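>>> this one's sequence-less:
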Ligand SMILES: NC(=O)c1ccc[n+]([C@@H]2O[C@H](COP(=O)([O-])OP(=O)(O)OC[C@H]3O[C@@H](n4cnc5c(N)ncnc54)[C@H](O)[C@@H]3O)[C@@H](O)[C@H]2O)c1
């Protein structure tokens, strides 16, 4: 993609991975819109971007707010015109024993990590399809979208969901000139240890006791993470190759091998229950064919 004059919209663009994307894609020639919940951070980020010669615009936005998201998309289009690159990067985390979690913990994490991505795609995908110039969507999940444990349970569940919807949206848009990738970082040098500070008052009834000690311990981990601009460089390469998975962390291999091996180990031998396999396969084949015909009738040929 020739990025010159194209527009990128980046949630969480005032910090960390999102700001790295703003710098890298801005340097490549994009107009950049950074949408973030923190007003002051947007101001500081815009100064940095403009000092690099990047055309940038900031919008204060809580991505869990549907109406506000649609209004932000209107504003971005008014400022820079049609959108080509959508980076759903903003995310928050909270860690602790899963059985201690409150509904507010679930609502906050899913509101940002899951509904934020959905609100963004609901706001932008119809507009990207309408302009017909093509583009790319990058949703940030995490390595935690492949496995979960008690301590990161809600966070991982939200990222499993982002992984799933990204895979489905890639399929939906595959013949429409819009690529979709999922970014699964392991550790990035960012401010995510502080994300508790963006938690809204109306969802403050937490089952967890996050304190300064924990924030300091998390900072120590993330301080060793990948530089956000380096990560954004990997994203740029993946877009050029229209790759779905972006996981530029070699240390993830043993964990992923173990996770997928566990799934494969749960399967009976491939040559067992041949009669059942044939019956189920034929039924699915008939359904897919019928569905294709019904969808073509109801939604038009382009729906396949
Ligand atoms: N840092 C890591 O090691 C790591 C690892 C795996 C995945 N990730 C993912 O990377 C993404 C980016 O996080 P980061 O590490 O750069 O953290 P960060 O805290 O530096 O940046 C996230 C930005 O999102 C913004 N934000 C938070 N809630 C928001 C909301 N409701 N609406 C709009 N903006 C909001 C924050 O203000 C912040 O500027 C997240 O989705 C995170 O889950 C990070």
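Sure, I can see it. Values in this document were obtained by computation on a predicted structure and should not be read as measured data.
>>> Please list all residues in contact with the residue in the stretch 51-200 of the chain positioned nearest to the ligand.
Closest residue of the stretch 51-200 of the chain to the ligand, CB to the nearest ligand atom: residue 91 (2.1 Å). Every C-beta, even on glycine, is put in place using the N, C-alpha and C of the backbone. Contact analysis of residue 91 by CB atoms under 8 Å, 6 or more residues apart in numbering lists 12, 112-113, 116, 140, 142, 192, 195.
>>> Try it again at 10 Å.
Counting by CB atoms under 10 Å, 6 or more residues apart in numbering, residue 91 touches 11-12, 16-18, 63, 109, 112-114, 116-117, 139-142, 155, 158-159, 162, 185, 190, 192, 195.
>>> for residue 204, phi and psi?
With angles defined as degrees, to the nearest 10, residue 204 sits at phi -90, psi 0.
>>> That one contacts residue 108, doesn't it?
Yes - between residue 204 and residue 108 a contact is recorded at 8.7 Å, counting by CB atoms under 10 Å.
>>> and these two? which has more neighbours close in?
residue 108 (25 against 10; other CB atoms under 10 Å).
>>> Among the contacts of residue 91, which are located in helices?
16-18, 109, 112-113, 116-117, 155, 158-159, 162 (DSSP state H).
>>> which among the residues you listed are in contact with the ligand?
The subset of the ones in helices among the contacts of residue 91 within reach of the ligand, by CB under 6 Å from any ligand atom, is 16-18, 112.
>>> The ligand: which of those is nearest?
Using CB to the nearest ligand atom, these come closest to the ligand at residue 16, 2.1 Å.
>>> Report the contact partners of the closest one.
Contact analysis of residue 16 by CB under 10 Å, 6+ apart lists 89-91, 140, 185, 188-192, 194-195, 222, 225, 228, 231.
>>> just residue 199 next, same as before
92, 94, 104-105, 108-109, 111-112, 206, 210.
>>> What of residue 156?
93, 98, 109, 113, 141-150.
>>> A ChimeraX selection for the residues you listed, restricted to the buried ones, would help me check which they are.
Here is the ChimeraX command that selects only those of the contacts of residue 156 that count as buried (16 or more other CB atoms under 10 Å):
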select :93,98,109,113,141,142,143,144,145,146,148
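>>> for the contacts of residue 156, which one is nearest residue 243?
residue 141 (14.3 Å; CB to CB).
>>> Return the residues in contact with that closest one.
Residues near residue 141 by CB under 10 Å, 6+ apart: 88, 91, 113, 117, 156, 158-166, 182-185, 245-247.
>>> quick one: the residue of the stretch 51-200 of the chain closest to the ligand from residue 226, how far?
In this structure, residue 91 and residue 226 are 16 Å apart, going by CB to CB, to the nearest Å.
>>> how about the spatially closest residue to residue 227 that is not a sequence neighbour, what does it touch?
Computed as CB to CB, 6 or more residues apart in numbering, the closest residue to residue 227 that is not its neighbour in sequence is residue 189, at 5.8 Å. Residues in contact with residue 189 (CB under 10 Å, 6+ apart) are 16-17, 20, 221-231.
>>> Cool, thanks, talk later.
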